[in-house]
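Peer 1: Let me see the structure of the following:
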Amino acid sequence: MTKSPNNIKLIAGNSHPQLCQAIAKKLGIQLARVGAFQYTNKETAVAVGESVRDEDVYIIQTCCSEDKINDYLMELLITINACKIASARRITAVIPNFFYARQDKKDKSRAPITAKLIANLLQTAGCHHVITLDLHASQIQGFFRAPVDNLYAEPSTLRFITEHYDRKELIIVSPDAGGAKRVASIADKLDVNFALIHKERQKANEISRMVLVGDVTDKVCVLVDDMADTCGTLCKAAEILLENGASKVIAMITHGIFSSNAIEKLNNSKLDKVICTNSLPLQDKVAACSRLEIIDISPTLAEAIRRLHNGESVSYLFNNVPE
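Peer 2: Residues are numbered from 1 along each chain as shown. Presented below is the predicted three-dimensional model:
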């Protein structure tokens with residue numbers, strides 16, 4: 001990374017202060033004195049403690065926590081609007097795990113497309129640009145009139161795999177048909193085979209049947225997915241793979257949501273290891289699950305901010321991990 005950027009304000013939301021501090025450290029700047037808090041009636045308020053007039057403002061907020069998702073969303077929207085009213089030159093929302101990304105299409109009658117609503121809210125609040133990581137569906141970028149940089153955890157994932165595992169033993173596996181493109185890309189770059197598991201759902205977060213497509217005999221299976229919520233899919237997929245002759249199963253996840261009793265499921269599962277980025281705060285989860293290992297994604301986000309601010313190409317980050 002080259003010299004630290006000037007005329008930039010980095011604002012930390014309350015959702016993931018550790019990631020915000022890590023990004024600020026990588027950029028070599030201090031976090032701006034802007035804070036969000038709640039009144040006694042739980043109404044969100046934002047206090048801007050320094051001038052942002054004609055500044056390039058980056059607000060870091062991620063979708064996390066089972067009980068505060070909407071609080072963090074409102075906090076982000078109000079902070080964006082506060083900076084807009086304070087005459088910021090450009091406002092960029094850095095959202096590693098995009099809010100409501102799974103509600104990206106009308107998949108049944110009278111269903112909302114909530115991800116589109118979130119895009120409209122961000123732009124109405126005053127957002128000029130969005131940086132995010134591994135969108136659940138890349139088409140979400142089309143919901144915005146403003147530019148969206150959808151970064152990938154794939155380069156960091158590839159580095160981890162090559163440093164810790166022998167390629168000759170590996171096979172990359174998608175836990176569902178929807179992730180086949182992602183898995184095929186990783187398998188091609190590693191020059192290994194891939195397989196996928198076809199699953200049928202009765203309703204959300206409940207799987208009725210899983211069928212393996214591919215040969216995993218005596219292979220170390222790397223299950224790759226963009227997010228893990230209740231972890232039912234991962235745990236069942238691990239069982240299917242081991243039943244079909246796999247020697248070991250590890251999971252590679254970008255966004256570790258791990259809601260409800262997910263950690264308990266992982267502790268009781270047949271997964272050897274679960275590798276996850278720190279796009280969400282996972283300190284308590286790591287303490288509760290010895291199988292969980294974290295990849296730091298802050299260098300990628302920090303470099304994206306620096307490049308965007310300096311008018312450099314961000315596409316370099318699609319295939320490379322910054323130091």
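Peer 1: where along the stretch 51-200 of the chain do the strands fall?
Peer 2: 56-60, 90-95, 129-133, 148-151, 170-174, 194-203 (DSSP state E, counting those that start in this stretch).
Peer 1: Among those, which comes closest to T157?
Peer 2: strand 170-174 (10.0 Å; Cβ to Cβ). C-beta coordinates here come from the backbone N, C-alpha and C atoms, glycine included.
Peer 1: Okay, now the sheet partners of the closest one, with direction.
Peer 2: Within its sheet, strand 170-174 is paired with strand 194-203 (parallel), strand 220-228 (parallel), according to DSSP bridges.
Peer 1: Can you say which of these is packed in most?
Peer 2: Stretch with highest mean neighbour count among these: strand 220-228 (a mean of 24; mean count of other Cβ atoms under 10 Å).
Peer 1: Please state the offset of that strand from the chain centre?
Peer 2: Relative to its chain's centre, strand 220-228 lies at 14 Å (Cα atoms, centre = their mean, to the nearest Å).
Peer 1: give me every residue that touches the nearest residue to S185 once chain neighbours are set aside.
Peer 2: Distance criterion Cβ to Cβ, 6 or more residues apart in numbering; nearest residue to S185, sequence neighbours excluded, is E154 at 6.8 Å. For E154, the contact set (Cβ atoms under 8 Å, 6 or more residues apart in numbering) comprises R182, S185, I186, K189, F318.
Peer 1: Same question for C63.
Peer 2: Here C63 is in contact with S15, I69, Y72, L73, I95, N97, F98, F99, Y100, A101, L280 (Cβ under 8 Å, 6+ apart).
Peer 1: any idea of the angle the helix or strand hosting L234 forms with strand 170-174?
Peer 2: Per DSSP states H and E, L234 falls inside helix 232-243. Following axes from the mean of the first three to the mean of the last three Cα atoms, to 10 degrees, one obtains 140 degrees for the angle between helix 232-243 and strand 170-174.
Peer 1: count of neighbours near N261?
Peer 2: For N261, the neighbour count with other Cβ atoms under 10 Å is 12.
Peer 1: so what pLDDT did it get?
Peer 2: At N261, the pLDDT value in this model is 93.
Peer 1: my read: L73 touches I95, true?
Peer 2: No. Using Cβ atoms under 8 Å as the test, L73 is too far from I95 to be in contact (9.6 Å).
Peer 1: More neighbours: which of these two?
Peer 2: I95 (28 against 21).
Peer 1: beta partners of the more buried one?
Peer 2: Under the criterion used (DSSP bridges), I95 bridges to T132.
Peer 1: So it is in contact with C64, correct?
Peer 2: No. Here I95 does not reach C64: they are 10.7 Å apart, not a contact under Cβ under 8 Å.
Peer 1: How far off centre is the helix holding L234?
Peer 2: On Cα atoms, centre = their mean, the centre of helix 232-243 falls 23 Å from that of its chain.
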